[in-house]
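[1] curious how this folds, go ahead:
(2 chains)
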Amino acid sequence: MSPSSETGQTDRRWPRHVFGVGDEPDPRFSFANERTFLAWIRTALALVAAGVGVAAISQLNHSLTLEVHVASLVLVICGLAAGVGAFTRWARHERAIRLNQALPSSPLMPFLTVGVTIVALIAFVVLLS
Amino acid sequence: MERPWDAGVQNERTRLAWQRTTLSVLGCLLLIARLVADVSTTLALLIVLAGVVTTASLGLLSIRRYRRTHSSLHANRLIGDGWQNLLVTVLVVLAAAGGLAYVVAG
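    You can find the predicted model right below:
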């Protein structure tokens, strides 16, 4: 069912460090990798929107306090990291699938966990004060 | 249209994931444009215009990608490449840069 790498086609797919190595995998693995990439992209957009939203809502009554400013910045930076990390993660995983290797780990998840925990702690403090 | 390539309808599910992501990009850019409108109407209109054009392009690219992948799977040809992934990543980076500017300026 899966396409053969010996199709006679000239392979110009980008990036070459991904598609220029290994064998053609079962397409279902590539589709799953692509959907995971898109899920990370949507997570990144949600984090950016949350950061901007927190800043906008807190400005309705008064100027940004330091803790809300920090929370907004952390959320947007987490969104940026998730967006860039989504692409590098997709490329590294696709390469590993083609080389029949174990999927590499990523520092993205611990980074986002720390970021979201900081924001949750700030929200807790703000709600108590 | 031919029958799906596999029982798990992987290509169709991936196309729907692209559509969800395209709508999320549009929503995020419209949110940022609305917030920027309080500072500059011209800039907000530019963001809306750019957002609509880029997400419409992304939507059309997703449809083309689905059709090409569908025919490639049935014809046993090579599938996939990273250009569209890079495009959506650049859009997220631009949205994050806009958000960062808004938060820092606030």
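[2] from here on, contacts and neighbour counts on C-alpha atoms
    Will do.
[3] low-confidence ranges in chain A?
    Per-residue confidence for chain A (pLDDT under 70) gives these ranges: A:1-7.
[4] quick one, helices of it?
    A:16-19, A:27-58, A:66-98, A:108-128 (DSSP state H).
[5] columns mean neighbour count and distance to residue A:8 on top of those helices, output as TSV?
    TSV is the format used below for these (neighbours: other C-alpha atoms under 10 Å in any protein chain shown; distance: least, C-alpha to C-alpha, whole Å):
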stretch	mean neighbour count	distance to residue A:8
helix A:16-19	16	15
helix A:27-58	22	18
helix A:66-98	22	18
helix A:108-128	14	38
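[6] could I get the ones you listed as CSV with distance to chain B?
    Output for these, formatted as CSV (distance: least, C-alpha to the nearest C-alpha, whole Å):
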stretch, distance to chain B
helix A:16-19, 8
helix A:27-58, 6
helix A:66-98, 6
helix A:108-128, 15
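[7] contacts only, for residue 48.
    Answering for chain A, as no chain was given. Contacts for residue A:48 (C-alpha atoms under 8 Å, 6 or more residues apart in numbering or on different chains) come out as A:75-80, B:28, B:95-96, B:99.
[8] my question was about chain B
    Residue B:48 is in contact with B:29-30, B:33, counting by C-alpha under 8 Å, 6+ apart.
[9] what do you get if the cut-off is 7 Å, keeping everything else the same?
    B:30, B:33 (C-alpha atoms under 7 Å, 6 or more residues apart in numbering or on different chains).
[10] again with residue A:74
    For residue A:74, the contact set (C-alpha under 7 Å, 6+ apart) comprises residue A:115.
[11] out of the helices of chain A, nearest to residue B:56?
    Of all these, helix A:27-58 sits nearest to residue B:56, with 17.1 Å by C-alpha to C-alpha.
[12] relative orientation of that closest one and helix A:108-128 in degrees?
    Per axes from the mean of the first three to the mean of the last three C-alpha atoms, to 10 degrees, the angle that helix A:27-58 makes with helix A:108-128 is 20 degrees.
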